[in-house]
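Undergrad: Using only what follows, build the 3D model:
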Amino acid sequence: MKSQNLATTINLLGSRWNPLHLFSCFFFFAFGLTFGIILSFNLKNFSFNLQVTQSSPSPSASALAPPPSPLVSPLPASTYPTNETSKAGRRIGLSEYMKPPNAMHDMDDEELLWRASMAPQIREFPFKRVPKVAFMFLTKGPLSLAPLWELFFKGHEGLYSIYVHSHPSFNETEPENSVFHDRRIPSKEVQWGKFNMIEAERRLLANALLDFSNHHFVLLSESCIPLFNFSTIYSYLMNSTRNYVQTYDFPGPVGRGRYKEQMYPTITIEQWRKGSQWFAVDRNLATEIISDQTYFPIFQKHCKSSCYADEHYLPTFVGIKFWERSANRSLTWVDWSRGGAHPARFMRWDVTIESLKRLRSEGRCDYNGKSTNICFLFARKVMPSALERLLRFAPKVMHFNS
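TA: Numbers count the residues shown, from 1 in each chain. Below is the predicted model of the structure:
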């Protein structure tokens, strides 16, 4: 039995491994291996092409897809300056874009101060510029002495700018032929001795700074008068190397006694200063005043009630940071000899040729390193009742017609 099984196995093996059968197995194995390799390669290539095709957008698709939203929304097209060259056939130069806006505009204080704080870092202007003096009037209502100022400004157009800050409720209009026509700026209520007076002064400065031709800035009230003609005052300011902000240390109750301890350490009592409200400053200092983010908020928060910020903010600010370029005096003459909280008033009979001559040459002071008797260019408080006499004396004493 065992020998029979062994023989059967040998016969089967012998029949399975004959040459023809072996060649057939090898042929089918080689064919299957080759077919598998080719199929595998084609499948990988097809997959790769499919991925590239899916990840590569077509031109038409990218053109239709919306762009990603920017982090900051662009300004509306209407806010950008349009190119008028193609429309009008003329070139719009830089000077066109530097023109100041109208005195009355819709900017709020924050927008106004931000825009006015922009200062070119290149000192030379790339367009023709005639430097002007900005006359800034802080008033309660009408300018009662306007006819005198009209006479003062006559014939000097292009050398001055006028800005008027009056009570918001005041709605009288000036004649179209007046230099004060359309010169009122957006205003807010101002109360005597309150901090909103400083805000009004900064508002005036900011509006005047929008005109790049304004080089000097003078703060005046409705009771101020000029003591010299326009040419003299213009030359005095333009040729001066100093700013005119009065600042001094006063140890009494109306000086250091108004200091608030909450201002420490930003402002110390040793830095606290007092001075006249009426100033004349150049463009650099005017920009610094409206850009102040250090001392202004301190005064705004703590200088209230009996502090009288109008007598202390600017003197302290200039005394701390810009005292080197200050003449430490005001150009506006005021009579405090009678005492009290307010200066003396000049009524009709107080205005004479002799009194005007005295104001024009009273005392001695320094001007650009030299001694001079021209120390005051303006005077206050002059009442409306004196207008008629002023108009009569101005050509003789102040030479307004020259």
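Undergrad: What is the burial count for residue 351?
TA: Residues near residue 351, counting by other CB atoms under 10 Å, number 21. Quick note: C-beta positions are derived from backbone N, CA and C, even for glycine.
Undergrad: again, but for residue 101
TA: Using other CB under 10 Å, residue 101 has 13 other residues around it.
Undergrad: and it, what does it touch?
TA: Counting by CB atoms under 8 Å, 6 or more residues apart in numbering, residue 101 makes contact with residue 210.
Undergrad: and it, what element?
TA: Assigned by DSSP states H and E, residue 101 belongs to neither a helix nor a strand.
Undergrad: Disregarding residues adjacent in the polypeptide, which is nearest to residue 386?
TA: Spatially, and ignoring its direct neighbours in sequence, residue 386 is nearest to residue 351 (4.3 Å; CB to CB, 6 or more residues apart in numbering).
Undergrad: Tell me where the stretch 201-350 of the chain has helices.
TA: Here the stretch 201-350 of the chain has its helices, by DSSP state H, counting those that start in this stretch, at 230-238, 283-291, 295-302, 313-321.
Undergrad: tilt between the third one and helix 283-291?
TA: This points to helix 295-302. Put simply, helix 295-302 runs at 40 degrees to helix 283-291, going by axes from the mean of the first three to the mean of the last three CA atoms, to 10 degrees.
Undergrad: average pLDDT across helix 295-302?
TA: The average pLDDT within helix 295-302 is 97.
Undergrad: Flag every buried residue along that helix.
TA: Within helix 295-302, the residues that count as buried by 16 or more other CB atoms under 10 Å are 295, 296, 298, 299, 302.
Undergrad: Would you confirm that the second one contacts residue 313?
TA: Yes: contact criterion CB atoms under 8 Å: residue 296 and residue 313 qualify, at 7.3 Å.
Undergrad: between those two, what contacts are shared?
TA: Both residue 296 and residue 313 are contacted by residue 198, under the criterion CB under 8 Å, 6+ apart.
Undergrad: Assess the claim that the residue nearest to residue 386 and residue 382 are in contact.
TA: Yes: using CB under 8 Å, residue 351 is in contact with residue 382, at 7.0 Å.
Undergrad: Quick check: neighbours shared by those two?
TA: Joint contacts of residue 351 and residue 382 (CB under 8 Å, 6+ apart) are residue 390.
Undergrad: Just the local confidence number for the residue nearest to residue 386, please.
TA: For residue 351, the predicted pLDDT is 92.
Undergrad: just the strands in the chain please.
TA: Under the criterion DSSP state E, the chain contains strands at 132-138, 160-165, 214-221, 225-226, 280-282, 332-333, 365-367, 370-372, 378-379.
Undergrad: Out of the ones you listed, which gets nearest to residue 207?
TA: strand 160-165 (5.3 Å; CB to CB).
Undergrad: quick check: angle from the closest one to helix 230-238?
TA: Between the axes of strand 160-165 and helix 230-238, defined by the same axes, to 10 degrees, the angle is 80 degrees.
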